[in-house]
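Let's see this in three dimensions:
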Amino acid sequence: MPDETTISAPIPVRVRAIPGGSRLALDAFARTVIEDVLDGLLSTDREGDLYERLVALAELDPNERTTHPEHRMPYEELVGDLAERASKWTPLYGEQGLDLAEQLMANGARALPVGHWSAEAWQAWQSVKADADAVNGGAAA
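A predicted model of the protein is given here:
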């Protein structure tokens, strides 16, 4: 099994097995979120003040940053407001969702102790799938 699998989608998701299960790499999704944040900061919306708030934070000296009221970091509210504007969902169509689920199941099953019921169920499913692929002319690419 490869070290890393890419699930192709409008925004690709890479899956890597780790000792405890799976690690997802969402590079393209992170880029989309950053684009949304920059769009929010650079918006010409007259009601928006995100850019001005960012500039005000950048102009604080280190002492001012540590003496913010209520023991909050000076950027917490701005982060929350930017997060509201950022993308949170990416679509997976048809088999892409199944591909992701299959890779997550494979990584999760490998992380379970030998003899665990769900690891055995996963192995049984893989066996049935391999038989079905053989009947249907080989494994799907």
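
Where do the helices of this structure begin and end?
Using DSSP state H, the helices of the chain run over residues 27-41, 50-58, 62-66, 76-85, 95-111, 117-135.

Turn those into a markdown table, columns for distance to residue 15, mean neighbour count and mean pLDDT.
All C-beta atoms are positioned from the backbone trio N, CA, C, and that covers glycine. Formatted as a markdown table, the helices of the chain follow (distance: least, CB to CB, whole Å; neighbours: other CB atoms under 10 Å; pLDDT from 0 to 100):
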| stretch | distance to residue 15 | mean neighbour count | mean pLDDT |
| --- | --- | --- | --- |
| helix 27-41 | 13 | 15 | 88 |
| helix 50-58 | 34 | 13 | 87 |
| helix 62-66 | 38 | 10 | 74 |
| helix 76-85 | 25 | 13 | 85 |
| helix 95-111 | 4 | 16 | 87 |
| helix 117-135 | 15 | 12 | 88 |
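
Quick one: closest of the ones you listed to residue 4.
With CB to CB as the criterion, residue 4 lies closest to helix 95-111 of those, at 9.6 Å.

shouldn't residue 28 be in contact with residue 14?
No. Taking contacts as CB atoms under 8 Å, residue 28 lies outside contact range of residue 14: 9.2 Å.
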